[in-house]
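[1] structure for this input, please:
(one chain, ligands or ions: 1)
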Amino acid sequence: CPHVSSPPFPTLPAGFRFGAATAAYQIEGAHDEDGRGPSIWDIFSHTPGRTLAGATGDTACDHYHRYREDVALLRELGVDTYRFSIAWPRLLPQGTGPVNARGLDFYDRLIDELLAAGIAPTVTLYHWDLPQALEDRGGWRVRETAEAFAEYAALAADRYGDRVDRWITLNEPYCSAFVGYAEGRHAPGAEEGRGALAAAHHLLVAHGLAVCELRAAGARDVGITLNLDRIHAASDRPADRAARLRAETLHNDIWTEPLLAGRYPAHEAETWAGLADGAWRLPGDLDLIGAPLDFLGINFYRPTTVAAAPHRVADPEQRTAVDIGVAELDPYGTRHTTMGWPVVPSALTELLCDVHVRYPQSPPIWITENGSAEADIIAPDGRVHDGDRVGYLADHLTAVADAIAAGVDVRGYHAWSLLDNFEWARGYDQRFGLVHVDYATLTRTPKDSYHWYRGLITAHRARTEEPAR
Ligand code: PNW
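    Numbers count the residues shown, from 1 in each chain. I've put the predicted structure just below:
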């Protein structure tokens, strides 16, 4: 096996858990097999002009057929846990109503394979693949979709609850609501104001209803995954500081305030002018949304810096919900990944400490995604020398260790991603995997980062005297 000696392994406390993460639409393929219904991402990716080079998840990594090989890669990697998502349209092709037995069977096989390999499944219920039938009836703009999600959550909890300890209701509701219904870069590709704000609220309601169903089914460890941003102001000028507050409201507070503090964000009126009238909010929603969680999942990739800027559209009624009078700047004089994202590990420490200070009652934190996209190629020696990714992972794990040393309760870390995969609107151009995928042959090749991560996990077990696997 290749020996990767640098950089040194970060030191995490005993009991810290290591994992890797994926999502159904990004890896499974088999889009029309065994009774799966279409999701908004099937329709979106098949619409010309929506994804880079017209990429779709029709085949992706063909994980649906190769899951045994992928679980073997996880076992060899030595992870404690594997975070994957269930495709709602495999279980309920219409989103609600008739259950698809062959879809249920697939995740039985996957979960059993993981357990046999000694790997704890961490299940995400919703990683963006809304059944298209529900989008046709209004999607996340309407409360009925949250009710359908509760039905789906109950079905999954009932079927898999005996074997799954850790449940994540939603992945990055920010992206579902605002990238999907306001920016339009993600499915369903809408550009709305009120629609996106209603979507954000209904996603939170869906989360609350699902937590209820999971608890009723006896689930032990229940949480949600947010992509919280560490947002800097471009300057100390009052206008830039106000812009930062609006960005903070849009990216963070709209989620963390109801989930962790039982209230709506303080600055929504100045962020969305007349749009945030909350017509979609019902009495009792905050109690539902703010029910206690066992953990908070955080996905972190990069910090952002914002300055005040003119709105793109003058009339507040005509604006999308992301048109908040803010421009994003990039003053970070550091390396950037192929996504164009600056590499600033200290921002992760700052973010974790912020959450800890702002929400002293916050449940323990898991990093549910962190990783970098690099221009990975198979070298003449047959290996993938992704030293930049190794550096990224090492520095961010050190940032996590720093936050823990400062008193933040972080329980575990998932590298994004196990495999190179369908990177949404960016198609197959961006490679995030610890394992390289050749899309022509679907051959998997572990990269240097895979070997490094395995070494880290092995060293951690030896140092903390946890039994090796
Ligand atoms: C996260 N954006 O997503 C997701 O949870 C993963 O599915 C994804 O592969 C990973 O980060 C890497 O990007 C994002 O365009 C994807 O704004 C795109 C955006 C934001 C988050």
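[2] the helix or strand encompassing residue 357: what's the following helix or strand?
    According to DSSP states H and E, residue 357 maps onto helix 346-358. The C-terminal neighbour of helix 346-358 among helices and strands, as given by DSSP H and E, is strand 365-369.
[3] who does that next one touch, helix- and strand-wise?
    Strand 365-369 sits against strand 221-226, strand 295-299, strand 410-416, with contacts defined as 3 or more CB pairs under 8 Å, 6 or more residues apart in numbering; DSSP states H and E. For the C-beta atoms, the positions are set from N, CA and C on the backbone; glycine is no exception.
[4] could you dump the ones you listed into JSON lines and include mean pLDDT?
    Formatted as JSON lines, the helices and strands packed on strand 365-369 follow (pLDDT from 0 to 100):
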{"stretch": "strand 221-226", "mean pLDDT": "99"}
{"stretch": "strand 295-299", "mean pLDDT": "98"}
{"stretch": "strand 410-416", "mean pLDDT": "99"}
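[5] may I see those strands arranged in JSON lines, with distance to the ligand as well?
    Supplementary listing: the helices and strands packed on strand 365-369 in JSON lines, determined by distance: least, CB to the nearest ligand atom, whole Å:
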{"stretch": "strand 221-226", "distance to the ligand": "8"}
{"stretch": "strand 295-299", "distance to the ligand": "5"}
{"stretch": "strand 410-416", "distance to the ligand": "6"}
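[6] output those as a markdown table; include the columns mean neighbour count and distance to residue 33.
    Conversion of those to a markdown table gives the following (neighbours: other CB atoms under 10 Å; distance: least, CB to CB, whole Å):
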| stretch | mean neighbour count | distance to residue 33 |
| --- | --- | --- |
| strand 221-226 | 24 | 27 |
| strand 295-299 | 23 | 29 |
| strand 410-416 | 23 | 26 |
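[7] and the ones you listed: which comes nearest residue 323?
    With CB to CB as the measure, strand 221-226 is the member of the helices and strands packed on strand 365-369 nearest residue 323 (22.0 Å).
[8] other SSEs contacting the closest one?
    In terms of contacts (3+ CB pairs under 8 Å, 6+ apart), strand 221-226 is packed against strand 166-171, helix 173-174, helix 194-216, strand 295-299, strand 365-369.
[9] distance of residue 39 from residue 215?
    27 Å (CB to CB, to the nearest Å).
[10] let me fix that, I meant to ask about residue 227.
    25 Å.
[11] these two: who's more crowded?
    Set side by side, residue 227 and residue 215 show unequal neighbour counts under other CB atoms under 10 Å, the larger going to residue 227 at 19 against 16.
[12] on that earlier part again, can you redo the helices and strands packed on strand 221-226 as a markdown table with distance to residue 24?
    Putting the helices and strands packed on strand 221-226 into a markdown table (distance: least, CB to CB, whole Å) gives the following:
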| stretch | distance to residue 24 |
| --- | --- |
| strand 166-171 | 10 |
| helix 173-174 | 17 |
| helix 194-216 | 17 |
| strand 295-299 | 16 |
| strand 365-369 | 15 |
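[13] tell me, what residue is most central in this structure?
    The C-alpha lying nearest the average C-alpha coordinate of the chain belongs to residue 171 (CA atoms, centre = their mean; 4.3 Å).
[14] so that one makes contact with residue 126?
    Yes. Using CB atoms under 8 Å, residue 171 and residue 126 qualify as a contacting pair, with a distance of 6.4 Å.
[15] okay, and the common contacts of those two?
    Shared contacts of residue 171 and residue 126 (CB atoms under 8 Å, 6 or more residues apart in numbering): residue 85.
[16] quick check: residues of the stretch 51-200 of the chain near the ligand?
    With the criterion set to CB under 6 Å from any ligand atom, the stretch 51-200 of the chain comes near the ligand through 171, 172, 175, 179, 185.
[17] for this structure, which segments count as strands?
    Along the chain, counting by DSSP state E, strands occupy 17-21, 81-85, 120-126, 166-171, 221-226, 231-233, 295-299, 304-308, 326-329, 365-369, 410-416, 435-438, 443-446.
[18] make CSV out of those and add distance to residue 344.
    Putting the strands of the chain into CSV (distance: least, CB to CB, whole Å) gives the following:
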stretch, distance to residue 344
strand 17-21, 21
strand 81-85, 24
strand 120-126, 26
strand 166-171, 23
strand 221-226, 19
strand 231-233, 10
strand 295-299, 15
strand 304-308, 10
strand 326-329, 13
strand 365-369, 15
strand 410-416, 17
strand 435-438, 26
strand 443-446, 27
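[19] for residue 342, which of those strands is the nearest?
    Comparing the strands of the chain against residue 342 with CB to CB, the closest turns out to be strand 304-308 (9.0 Å).
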